[in-house]
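Asks: Could you work out the structure for the sequence below:
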Amino acid sequence: MGLNIDRVEDNSGPGHAQPETTTISILVPSETMGTQPQELHGVCLPPQKTTFQKLRHKLSEIFFPDDPLHGLKNQTRLNKILFALHFVFPIFQWAPNYNLTLFRSDVVSGLTIASLAIPQGISYAKLANLPPVIGLYSSFVPPLIYAVLGSSKHLAVGPVSIASLVMGTMLNDAVSYTLNPVLYLKLAFTATFFAGLFQASLGFLRLGFLIDFLSKATLVGFMAGAAVIVSMQQLKGLLGIVNFTSKMQIIPVLSSVIERRDEWSWHAIMMGFSFLACLLTTRQIGLRKPKLFWISAAAPLTLVILSTLIVALFKSKLHNIATIGQLKKGLNPSSLDMLYFHGEFLAVAVKTGAVTGLLSLTEGIAVGRTFASLKNYQVDGNKEMIAIGLMNMAGSCSSCYVTTGSFSRSAVNENAGGQTAMSNIIMALTVLVTLLFLMPLFRYTPDLILAAIIVTAVIGLIDYQSAFRLWKVDKLDFVACLSSFLGVLFVSVPVGLAVAVGVSVFKILLHVTRPNTGVLGNIPGTQIYQDLDRYREAQRVPSFFILSVEAPIYFANSMYLQERILRWLREEEDWIAANNGSTLKCVIIDMTAVTAMDTSGLAMMNELKRMLEKRSLQFVLTNPVGSVMEKLHKSNTLESFGSDGLYITVGEAVAHVSSSWKTQL
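Replies: Numbers count the residues shown, from 1 in each chain. Modelled structure (predicted):
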């Protein structure tokens, strides 16, 4: 006689106590497991919730996975006010406990990163086709704002190479910076405003997960391609070429280098490549011996001073070497009246702002989290987005362009002993002194030293080791990396990025629409069932076909899964026929990894059950998660499976079904 019990239990409802699980001891005659007692457990429905409760829980998981307001629980009104103040302005978290020891460390690190930020700011501004002074403006206002709003202790803020390159490329495709510099400057400030608006909006709306679409593989290829293009563009300064292409593809750049051979200057070549060799050497010293970080940090400013002195002293003999020229002294002038909110180029500014904002946000958060993990503290990603966004919005009104956290400067900040965001304030004040008093000293600074600084900075973005690991681990990720790299080199920076994101999205769709499935077997002497292809010791259970599905079952993959399961079944029957195996009687699907199911998935399950019944095969499900169990229950699908169609483990399913066959004999 067979067992007929109701093993689907409902623990929902107000005041409903957790039910005791129904258990029945039965003997399992099995060739693979021997005869042993097996307890049969009930499968519970999840607690009953209203639609509003489910929606609130789902939104909370999506937008507030870190529960940022947990500190408000059971607090007095005063503590809640203090918590809100600390939450909005992280400076109030560390400022009350600030002391002279911390200040000394921050002064040293602030002065050190300023020595790197000043030449880099000038260089990156030229990379974005902006006046060099804009780079210094961008190293003054944004760091002050970030020091108040940012949650990272080590993030050093300022212009970065990738955002500068993208902005220069995208804007120059629409407006020539040489023919219409005023309009170009307006678009740069406007793009910065929209970049900040985009970044802050992501933070306020808790949409930071959107930046995850820029995968590691995508960024590796993109940054490597951008580094190559940026380095090739610097041949203009290193070779002393006057008329150089403004295009950012490798073929036009190489063509321009070859076609302009008559403009090459041996003075520029000797000086430029000598300084480049010095910078690369000091960079290697800093990488191999972190205690000597100050050598690589001070090298750019030292060589800027040295090259400026050489050109100034021998200007009669070096008159053919291009220099920065006269720079305007003073604080950041207001650029509020230069923001461009109407006209034919508004779409260009918005698009440029969105792309540069996304890239700079990704870089800034990645750098902040990297140093936070090294120093064992946490960085709030959404607060970082708000801080970076607001500093860019404020920067757009004070003659700044897109800024974010720089990896090179943050590394120098950490190595120099920076303890708090005060190092950003010290750096900004140093830049302020430069803006007020030292600007005339840059008049004879040659373009070639700026080109050498840029090449040294971006060469570290070529991470060939990561590309090699991608090839070894995931070929599709490597395709995304390679697509991004080649797209940037041969098409354009935005197109290369778009292609890489497209490949990454395709990878996601491929995993969703074509999930993994596998046939399970029993490991002898245990109740463990594993993939037959992975575990050689695993054995088929006679008369059973056990299959695992390793993905949610949605409309996008339900038909594929139905066809794939039927194919697995056909192959299993062929194997049985070829090996004189036991007649197939039962199909079990392990749903442990099926984290969700929609109505298309439910329909597929019902259809599959009907098809198996026509072939006189019993259909059994095991271990559905709570949300899947609830949908199976509400759709009345469980009723069609009956008491012998749902189990908590594969082992119990095999035991109970085998026992029921034996009792029916």
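Asks: residues touching the residue lying closest to Glu537 once chain neighbours are set aside, list them.
Replies: In space, and not counting its chain neighbours, Glu537 is closest to Ile523: 5.7 Å by Cβ to Cβ, 6 or more residues apart in numbering. Heads up, the C-betas are built off the backbone N, CA and C, glycines and all. Residues in contact with Ile523 (Cβ atoms under 8 Å, 6 or more residues apart in numbering) are Tyr529, Gln530, Tyr535, Glu537, Ala538, Gln539.
Asks: what stretches of the stretch 1-150 of the chain score poorly on pLDDT?
Replies: Applying pLDDT under 70 to the stretch 1-150 of the chain flags the ranges 1-39, 42, 57, 59, 61-73.
Asks: any idea where the strands of it begin and end?
Replies: 8-10, 25-28, 36-39, 43-45 (DSSP state E, counting those that start in this stretch).
Asks: Check the chain too.
Replies: Counting by DSSP state E, the chain has strands at residues 8-10, 25-28, 36-39, 43-45, 156-158, 404-406, 517-522, 529-531, 544-549, 586-590, 618-622, 646-647.
Asks: Format the ones you listed as CSV; extra columns: mean neighbour count and distance to Thr445.
Replies: Shown next, in CSV, are those (neighbours: other Cβ atoms under 10 Å; distance: least, Cβ to Cβ, whole Å):
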stretch, mean neighbour count, distance to Thr445
strand 8-10, 16, 77
strand 25-28, 14, 84
strand 36-39, 14, 81
strand 43-45, 19, 73
strand 156-158, 33, 18
strand 404-406, 30, 21
strand 517-522, 20, 64
strand 529-531, 18, 64
strand 544-549, 22, 64
strand 586-590, 23, 68
strand 618-622, 22, 72
strand 646-647, 24, 76
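Asks: Just send these back as CSV, with distance to Leu489 too.
Replies: Below are the strands of the chain laid out as CSV (distance: least, Cβ to Cβ, whole Å):
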stretch, distance to Leu489
strand 8-10, 59
strand 25-28, 63
strand 36-39, 62
strand 43-45, 56
strand 156-158, 27
strand 404-406, 24
strand 517-522, 39
strand 529-531, 41
strand 544-549, 41
strand 586-590, 46
strand 618-622, 51
strand 646-647, 56
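Asks: Out of those strands, the one nearest Val488 is which?
Replies: When the strands of the chain are compared by Cβ to Cβ, strand 404-406 sits nearest Val488, at 19.3 Å.
Asks: Listing partners with orientation, what would you give for that closest one?
Replies: Note on strand 404-406: by DSSP bridges, its sheet partners are strand 156-158 (antiparallel).
Asks: gap between the partner strand and the chain center?
Replies: Its chain's C-alpha centre and that of strand 156-158 lie 19 Å apart, by Cα atoms, centre = their mean, to the nearest Å.
Asks: Report the rounded mean pLDDT for it.
Replies: In this model, strand 156-158 carries a mean pLDDT of 93.
Asks: Also stretch 510-522?
Replies: The predicted model assigns stretch 510-522 a mean pLDDT of 89.
Asks: for stretch 385-395, same thing?
Replies: 95.
Asks: before we move on, the earlier item: can you pick out the most distant pair from the contacts of Ile523?
Replies: Farthest pair in these, by Cβ to Cβ: Tyr529 and Glu537, 12.0 Å.
Asks: domains for this structure, by residue range?
Replies: 4-56+514-664, 101-322+336-457+464-508 (automatic domain parsing).
Asks: Could you say which one of the ones you listed comes nearest to Asn79?
Replies: Closest to Asn79 of those, according to Cβ to Cβ: domain 101-322+336-457+464-508, at 19.3 Å.
Asks: Can you get me the start-to-end distance on that closest one?
Replies: For domain 101-322+336-457+464-508, the first-to-last residue distance is 50 Å (Cα to Cα, to the nearest Å).
Asks: shaky segments in the chain?
Replies: For the chain, residues meeting the criterion pLDDT under 70 lie at 1-39, 42, 57, 59, 61-73, 209, 212-213, 664-665.
Asks: Run through the helices of the stretch 201-350 of the chain in chain order.
Replies: Per DSSP state H, counting those that start in this stretch, the stretch 201-350 of the chain carries helices over the ranges 216-233, 235-239, 250-259, 266-288, 293-313, 346-374.
Asks: Now mean neighbour count too, for those helices, in JSON lines please.
Replies: JSON lines is the format used below for these (neighbours: other Cβ atoms under 10 Å):
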{"stretch": "helix 216-233", "mean neighbour count": "24"}
{"stretch": "helix 235-239", "mean neighbour count": "22"}
{"stretch": "helix 250-259", "mean neighbour count": "15"}
{"stretch": "helix 266-288", "mean neighbour count": "17"}
{"stretch": "helix 293-313", "mean neighbour count": "19"}
{"stretch": "helix 346-374", "mean neighbour count": "21"}
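Asks: Which one of these lies nearest to Leu509?
Replies: The stretch from these with the least distance to Leu509 (Cβ to Cβ) is helix 216-233; that distance is 15.3 Å.
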